[in-house]
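1. the sequence isn't on hand, but the structure is:
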């Protein structure tokens, strides 16, 4: 069953210097119990897509396309109905935990208030909050629960927001750079917590990350974004073993186990999108047609698709 369907999503931000085309005709779908990874460099549009789904973009953003969750169109949903979905049916692990935590409320209470709203007694809610802190590796949980967000490191705050996101047993969890700033042990703990999401109540995970190690180990499908659009999508095993787009191939070469080869050049400005392939200036396989004609994303049901005039060229 399709849980989430995003079709032809375009997100634009007007500025004094021009329009930023942050997301361009992005389409993908997710089934219940599936983990989809959105990967790519910083500025590729990954986080914008997640924020568009949960409708947390600023009011200045222009959004076109459709976003259907359990068959319900989110782009036209009334604000109160959307508010009811957030946290219960769709949860977010934000990229910036400090901006989403109340500095005046104890860590345990920030989790416990979720259960209190369900009608749970305060003592029981506090105990459940402590259990969740243990789940994400925040120990001793009783001490950390009594502290405030500013008393935690950035990585600990990241795990605190993860515990809040999983508290409601949501059908869909959007995790935006959940391992950012974490040390190896904390990263492994977070990966374990996230991997358990799809085994609990058939929940789905939309993983937004540039951590390719995490994506390889957690995801069923991968969508690679470049300059605001999907350039390759397919099963995770295929993407990591046989990437077809030159940009995806470059990302794989940049992984430490593959030689840590840096990708030279810069992404094009999202205010001046090239006429042809957006990756052409950084691609060793480009030809004249790449500069002139924008490639389509050619998709097949089981193997995904690639947006390239010369796929698998290197």
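-> Yep, that arrived. Remember, it's a predicted structure, so these values are computed and weren't measured experimentally.
2. isn't residue 124 up against residue 115?
-> Yes - judged on C-beta atoms under 8 Å, residue 124 makes contact with residue 115 at a distance of 7.2 Å. No exception for glycine: its C-beta is placed from N, CA and C like everyone else's.
3. between these two, which has more neighbouring residues?
-> With neighbours defined as other C-beta atoms under 10 Å, residue 124 and residue 115 compare such that residue 115 has more, 20 against 12.
4. the more buried one: what secondary structure?
-> The three-state label given to residue 115 by DSSP: H, G, I helix; E, B strand; the rest coil is helix.
5. again, but for residue 248
-> helix.
6. touching, it and residue 230? I think so.
-> No - using C-beta under 8 Å, residue 248 makes no contact with residue 230, being 10.8 Å away.
7. show me whatever sits in contact with both of those two.
-> Residues touching both residue 248 and residue 230 (C-beta atoms under 8 Å, 6 or more residues apart in numbering) are residue 224.
8. for residue 214, which residues are in contact?
-> 178, 179, 187, 191, 194, 207.
9. most widely separated two among the residues you listed?
-> 187 and 207 (13.3 Å; C-beta to C-beta).
10. between these two, tell me which one has more neighbours.
-> residue 207 (27 against 18).
11. ok, that one to residue 304 distance?
-> According to C-beta to C-beta, to the nearest Å, residue 207 stands 16 Å off from residue 304.
12. let me know the next secondary structure element after the worst-scoring helix or strand of the chain on mean pLDDT.
-> Lowest by mean pLDDT, DSSP states H and E among the helices and strands of the chain is strand 298-300, with a mean of 80. Sequence-wise, the next helix or strand downstream of strand 298-300 (DSSP states H and E) is strand 304-306.
13. quick one: residue 268 and residue 226 touch, right?
-> No - assessed by C-beta under 8 Å, residue 268 is found out of contact with residue 226, at 9.3 Å.
14. need the residues touching each of the two.
-> Counting by C-beta under 8 Å, 6+ apart, the shared contacts of residue 268 and residue 226 are residue 278.
15. in terms of helices and strands, where is residue 214?
-> Under the criterion of DSSP H and E, residue 214 resides in helix 212-218.
16. and that helix, which residues are buried?
-> 212, 214, 215, 216, 218 (16 or more other C-beta atoms under 10 Å).
17. quick one: which of those is nearest residue 31?
-> Nearest to residue 31 out of those is residue 218 (C-beta to C-beta; 15.5 Å).
18. so who does the closest one touch?
-> 35, 37, 191, 194, 195, 205, 207.
19. and the second one, helix, strand or coil?
-> Meaning residue 37. Applying three-state DSSP: residue 37 is strand.
20. repeat for the last one
-> Of the three states, residue 207 takes strand under three-state DSSP.
21. for residue 251, helix, strand, or coil?
-> helix.
22. was I right about it contacting residue 222?
-> No - counting by C-beta under 8 Å, residue 222 is not a contact partner of residue 251; they are 10.1 Å apart.
23. contact partners for residue 23?
-> Contacts of residue 23 (C-beta under 8 Å, 6+ apart): 9, 10, 11, 45, 48, 49, 52, 228, 229.
24. now with 10 Å, please.
-> By C-beta atoms under 10 Å, 6 or more residues apart in numbering, the contact set of residue 23 is 6, 9-12, 44-46, 48-49, 51-52, 61, 63-65, 225, 228-230, 270.
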